[in-house]
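>>> Build me a model from this:
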Amino acid sequence: MSLKQRFSAFINPQAKLGYALELLESKSAVRGVQLLGQLAKDGNTDAKFRLGRAYLDGKGVPPSLEDGARWMLQAAEAGHTEASFILATLYTVGLPEGFEIRSETGGLDLAIKPQQGERIPDFHQGKYWAQKAAVDGSADAQALLGYILTNGPSDLRDDSAAREWYQKSAQAGCSQGHLGLALALLNEADTDEKRQYAARHFIEASKGGLGTAFEFLGRMSEAGVGLPQSHSRAAEYYNQAAEKGSVFSQGRYGLMLLEGTGIDRHYGRAETWLRRAALNGDADSAAVLGDLNANGGDLPPNMMEAAKWYRLAAEQKHAGAARALGLLYLTGNGVHRDPDAAAHWFKIASESGDAQADADFGNLILMGTRATDAEKESLRQRFERSAEKGDLVGAFNLGVCYAEGVGASDNKEAARWMQRATDGVVNAQYWYGRMLLEGRGVAVDPTQALYWMEKAADAGMAEAQAVVGQFLVTGQINNRRDHAKALKLYAAAAESGNVDAMFSLAAMLGGGHDVPEDRPEAQKWFRKAAQRGNGLAQLMLGRYLVKGLAGVKDPVEGRIWIERAVAQGIEGAEQARAACDHVEENV
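A predicted model of the protein is given here:
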């Protein structure tokens with residue numbers, strides 16, 4: 001600024017305002033704010049507005065909602081249209097609880113004034129100031145007023161008036177006006193022609209970079225509603241909306257990347273967007289991440305990570321995730337085994353509409369998880385009525401009730417109903433076999449015990465396969481050994497996800513049994529069990545990698561697995577770690 005311009009600024013208020021704004025945009029922003037403060041105290045409305053903005057934006061002064069709102073109110077009361085709009089926005093978005101905007105004049109305050117507490121919208125004050133600015137011709141205020149009339153409390157709602165204000169705002173070229181009008185039109189549309197009209201306004205709104213506009217264009221393109229159906233266009237729109245922070249679009253775009261729908265499949269980018277959506281509160285995305293980590297895809301399964309994402313979704317009452325988390329707690333896969341926690345999540349899933357979880361919850365009550373005496377007795381009576389009608393599943397469940405003391409405890413009755421259910425219920429065959437082995441309610445009979453458990457194993461019950469496999473390896477029943485069959489049973493149980501069977505299968509393949517040695521395959525199953533938290537498998541995998549027992553030596557990764565086994569207190573893990581230290585010291 002020339003010397004003449006500076007001199008003019010001291011005698012001409014308007015020039016002084018311009019000089020203050022110029023300073024505000026320079027390295028002398030503090031001086032600019034001081035000049036604005038002088039002008040504002042002298043009653044300059046534009047200066048009050050600019051000073052309010054400086055405080056709200058933290059430009060030249062520490063951010064202060066209190067001072068920013070105060071100066072904005074003074075400017076609005078003096079008839080400043082944009083100040084009225086910003087004031088309306090503050091009220092509509094919400095001010096901290098107990099916060100009150102005061103218009104009394106105060107001096108320039110450079111102290112930081114943090115505002116805390118939940119923000120509470122005041123739609124009535126928002127409407128008052130938005131209407132003032134809207135009548136004065138502010139297109140932004142017209143769109144905001146339409147929003148308030150659409151989404152405010154019932155006494156303010158007026159869809160017809162809202163649409164008129166949206167229309168005026170859109171005609172003035174305001175993106176928010178186009179968006180509000182598009183949403184109103186789409187909500188009322190009963191023909192494809194009307195939906196196409198709404199889509200045109202969404203397109204206009206998207207020119208202003210509005211994420212919601214891109215999101216709805218994605219939805220409409222994907223479904224072929226108002227726009228030609230195109231998954232590739234939908235993916236483009238979702239991508240743009242996701243970049244703008246649309247949580248739904250982040251999840252949808254992530255899923256399209258994962259499945260290769262309308263776009264090339266890309267696991268890494270898919271996971272990134274799904275994570276963003278999940279962390280922003282999208283339960284479906286969190287559940288998908290749980291599935292990805294549980295099932296493995298481009299990466300090995302990670303049950304601890306799966307449990308984390310399932311929990312995030314389950315806490316939002318996502319039925320599928322709650323049941324999946326319940327199953328993890330039931331099996332101790334990725335989390336510590338906790339039947340009570342499993343019952344909790346099955347109950348959440350059941351209440352959220354998962355019928356299978358309802359059955360799981362009932363079964364867990366049978367297994368002794370926490371329930372009231374009345375709940376237990378009611379369950380036993382229900383199964384008794386079913387069993388007496390000849391229902392074999394009911395007979396099995398009634399047997400479990402008697403065996404576990406659900407409603408009543410009677411081992412003889414448990415064995416009687418369990419034996420009856422063996423005619424058609426695989427689980428009953430296994431249970432009855434265990435009762436014969438332990439002598440619960442019947443005489444001890446190891447031969448019959450093995451017969452019934454082997455029958456359940458041959459029918460595909462993973463738990464029975466693991467147990468019978470152990471019997472056939474050790475020969476503890478009638479000295480019967482059959483390592484070849486044990487290997488097949490362990491393999492079947494391992495493929496079904498039984499972690500103990502994975503370890504046992506690997507141990508057999510590692511050598512020393514009457515089956516062909518296959519250390520690479522053994523290492524594969526040790527890894528699968530280790531990844532699911534089995535401490536012994538972690539120790540064995542570490543040893544394999546440190547010594548190169550399967551042909552590939554990786555002491556760095558091997559030590560990592562040994563450290564995990566140490567953390568679980570596995571016997572021999574400390575010695576294995578010490579051996580690693582000794583090797584490293586002598587390298």
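>>> Next, please give the residue ranges for the strands of this protein.
Here the chain has its strands, by DSSP state E, at 95-96, 119-120.
>>> quick one: strands adjacent to the last one?
So that's strand 119-120. Paired with strand 119-120 in the same sheet, following DSSP bridges, are strand 95-96 (antiparallel).
>>> Please work out which of the strands of the chain is packed deepest.
Each of those was scored by mean neighbour count; the highest is strand 95-96, a mean of 18, by mean count of other C-beta atoms under 10 Å. C-beta coordinates here come from the backbone N, C-alpha and C atoms, glycine included.
>>> Distance from that strand to the middle of the chain?
Here strand 95-96 is found 29 Å from its chain centre; the criterion is C-alpha atoms, centre = their mean, to the nearest Å.
>>> And the average pLDDT for it is what?
Here strand 95-96 scores 86 as its mean pLDDT.
>>> Next: stretch 506-514.
92.
>>> Show me the shaky parts of the chain.
Along the chain, segments meeting pLDDT under 70 span 1-13, 103-117, 297-299, 355-371, 375, 379, 582-587.
>>> quick one, domains of it?
Annotated domains of the chain cover 1-78, 518-587 [automatic domain parsing].
>>> Those into CSV, with extra columns for distance to residue 151?
Formatted as CSV, those follow (distance: least, C-beta to C-beta, whole Å):
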stretch, distance to residue 151
domain 1-78, 22
domain 518-587, 48
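>>> of the ones you listed, which approaches residue 272 most closely?
domain 518-587 (22.3 Å; C-beta to C-beta).
>>> sorry, back to before: any chance of the domains of the chain in a markdown table, plus mean neighbour count and distance to residue 353?
Below are the domains of the chain laid out as a markdown table (neighbours: other C-beta atoms under 10 Å; distance: least, C-beta to C-beta, whole Å):
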| stretch | mean neighbour count | distance to residue 353 |
| --- | --- | --- |
| domain 1-78 | 18 | 43 |
| domain 518-587 | 18 | 29 |
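>>> for those domains, which one sits closest to residue 304?
domain 518-587 (7.2 Å).
>>> Could I get the contacting residues of residue 572?
Residue 572 sits next to residue 539 when contact means C-beta atoms under 8 Å, 6 or more residues apart in numbering.
>>> From residue 432, how far out is the residue lying closest to residue 23 once chain neighbours are set aside?
Among residues not flanking residue 23 along the chain, residue 32 sits closest, at 3.2 Å (C-beta to C-beta, 6 or more residues apart in numbering). Distance of residue 32 to residue 432, computed by C-beta to C-beta, to the nearest Å: 88 Å.
>>> just the helices in the stretch 101-250 of the chain please.
Taking DSSP state H, counting those that start in this stretch as the test, the helices found in the stretch 101-250 of the chain are 123-135, 139-151, 159-171, 175-188, 192-206, 211-223, 231-243, 247-259.
>>> Including mean neighbour count and distance to residue 37, could these go into TSV?
Converted to TSV, these look like this (neighbours: other C-beta under 10 Å; distance: least, C-beta to C-beta, whole Å):
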stretch	mean neighbour count	distance to residue 37
helix 123-135	21	23
helix 139-151	25	27
helix 159-171	19	34
helix 175-188	23	32
helix 192-206	19	38
helix 211-223	23	37
helix 231-243	21	39
helix 247-259	23	41
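>>> Would you tell me which of the ones you listed gets closest to residue 455?
With C-beta to C-beta as the criterion, residue 455 lies closest to helix 247-259 of those, at 41.8 Å.
>>> just how off-centre is the closest one within its chain?
Using C-alpha atoms, centre = their mean, the offset of helix 247-259 from its chain centre is 13 Å.
>>> and that helix, what other elements does it pack with?
Counting contacts by 3 or more C-beta pairs under 8 Å, 6 or more residues apart in numbering; DSSP states H and E, helix 247-259 is packed against helix 211-223, helix 231-243, helix 267-279, helix 283-295.
>>> Tabulate those (TSV), appending distance to residue 65.
Shown next, in TSV, are these (distance: least, C-beta to C-beta, whole Å):
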stretch	distance to residue 65
helix 211-223	25
helix 231-243	29
helix 267-279	27
helix 283-295	33
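>>> To residue 390, which of those lies closest?
That would be helix 283-295 among these, by C-beta to C-beta, at 38.6 Å.
>>> Touching the closest one from outside, list them.
250-251, 254-255, 258, 271, 274-275, 277-278, 301-303, 305-310, 312-313, 316-318, 320-321, 324-325, 334.
>>> Can you say which of those residues are buried?
Neighbour-count burial (16 or more other C-beta atoms under 10 Å) is assigned, among those, to 250-251, 254-255, 258, 271, 274-275, 277-278, 301-303, 305-310, 312-313, 316, 318, 320-321, 324-325, 334.
>>> do you know how far the residue nearest the centre of the chain is from residue 266?
Among the residues of the chain, the one closest to the centroid is residue 286, at 2.8 Å (C-alpha atoms, centre = their mean). According to C-beta to C-beta, residue 286 and residue 266 sit 20 Å apart.
>>> can you check residue 354 too?
For residue 354, the distance to residue 266 (C-beta to C-beta) stands at 31 Å.
>>> can you give me the helices for the stretch 301-450 of the chain?
Assigned by DSSP H, counting those that start in this stretch, the stretch 301-450 of the chain shows helices spanning 303-314, 319-331, 339-351, 355-366, 373-388, 392-404, 411-421, 426-438, 446-458.
>>> Pick out whichever of residue 354 and residue 266 has more residues nearby.
Neighbour comparison, residue 354 and residue 266: the larger count goes to residue 354, with 22 against 16 (by other C-beta atoms under 10 Å).
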